[in-house]
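K.L.:
Fold the following and give me the result.
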Amino acid sequence: MADAAAAAADEKSPAPAPAPALPIKLLIIVVVAALVAGLGGAFVVVKFLGGSSKGADSVEEHKPEVAAKADAQSEAGGKHGSAAAPGAMFDLEPFIVNLADSPEIRYLKLTVKLEVENEAVAAELSSRVPQVRDTVLVLLSSKDSNTVRTTQGKFQLRDEITQRVNGLLPKPGVRSAYFTDFVIQ
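P.N.:
Next comes the predicted model:
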């Protein structure tokens with residue numbers, strides 16, 4: 001009897017209607033459209049408002065006088081960022097050397113471009129390529145991988161290459177060395 005009463009109660013109470021659910025496809029389309037609109041708006045804002053030189057000029061105007069003087073002095077007497085016109089570039093063939101790591105064998109592949117004062121210095125370097133390559137090879141093979149991996153080590157290596165190549169010339173004419181390829185394996 002209890003079964004009959006339970007069955008009668010089930011028939012009398014209406015079954016709860018399922019909540020209308022959004023189709024999953026519609027939900028995905030709305031989310032993707034919102035994402036595309038947001039990214040497009042961000043691109044427009046960055047492209048048109050972020051890249052203007054007007055903002056850079058206003059920052060320059062509000063710079064303190066002491067900082068402006070320091071910038072002027074660093075530009076006039078700076079070593080790597082000097083305001084002088086760029087010199088001629090002298091390309092050297094890539095160097096592949098064994099580094100001075102003791103328990104492991106490590107190799108360095110390095111391509112160097114030398115910035116020289118003028119074409120006369122480039123001509124002098126052209127006649128001394130074997131000496132220049134020997135000097136750089138000896139220097140590179142004396143370094144270990146931990147030293148040249150750091151940024152400071154790379155700057156030091158750049159300066160040492162510049163000094164050694166200038167030492168080969170009758171009158172120093174190499175401004176700086178630039179690494180265009182730097183791989184340690």
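
K.L.:
from here on, contacts and neighbour counts on C-alpha atoms
P.N.:
OK.

K.L.:
Would you map the strands across the chain?
P.N.:
In the chain, the strands defined using DSSP state E lie at 88-91, 95-98, 107-116, 174-184.

K.L.:
Walk me through which strands the first one pairs with, and which way each runs.
P.N.:
Paired with strand 88-91 in the same sheet, following DSSP bridges, are strand 107-116 (antiparallel).

K.L.:
Give the buried residues for the partner strand.
P.N.:
107, 108, 110, 111, 112, 113, 114, 115, 116 (16 or more other CA atoms under 10 Å).

K.L.:
Pipe those into a markdown table and attach distance to residue 142 and pLDDT per row.
P.N.:
Shown next, in a markdown table, are the buried residues of strand 107-116 (distance: CA to CA, whole Å; pLDDT from 0 to 100):
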| residue | distance to residue 142 | pLDDT |
| --- | --- | --- |
| 107 | 12 | 92 |
| 108 | 11 | 94 |
| 110 | 14 | 95 |
| 111 | 17 | 96 |
| 112 | 17 | 96 |
| 113 | 20 | 95 |
| 114 | 21 | 95 |
| 115 | 24 | 95 |
| 116 | 25 | 95 |
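
K.L.:
Scan this structure for its longest helix.
P.N.:
Ranked by residue count under DSSP state H, the longest helix found in the chain is helix 24-45.

K.L.:
So what touches it?
P.N.:
By CA atoms under 8 Å, 6 or more residues apart in numbering, the list of residues contacting helix 24-45 from outside is empty.

K.L.:
would JSON lines of the buried residues of strand 107-116 with distance to residue 34 be doable?
P.N.:
Output for the buried residues of strand 107-116, formatted as JSON lines (distance: CA to CA, whole Å):
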{"residue": "107", "distance to residue 34": "50"}
{"residue": "108", "distance to residue 34": "49"}
{"residue": "110", "distance to residue 34": "48"}
{"residue": "111", "distance to residue 34": "47"}
{"residue": "112", "distance to residue 34": "49"}
{"residue": "113", "distance to residue 34": "49"}
{"residue": "114", "distance to residue 34": "51"}
{"residue": "115", "distance to residue 34": "51"}
{"residue": "116", "distance to residue 34": "55"}
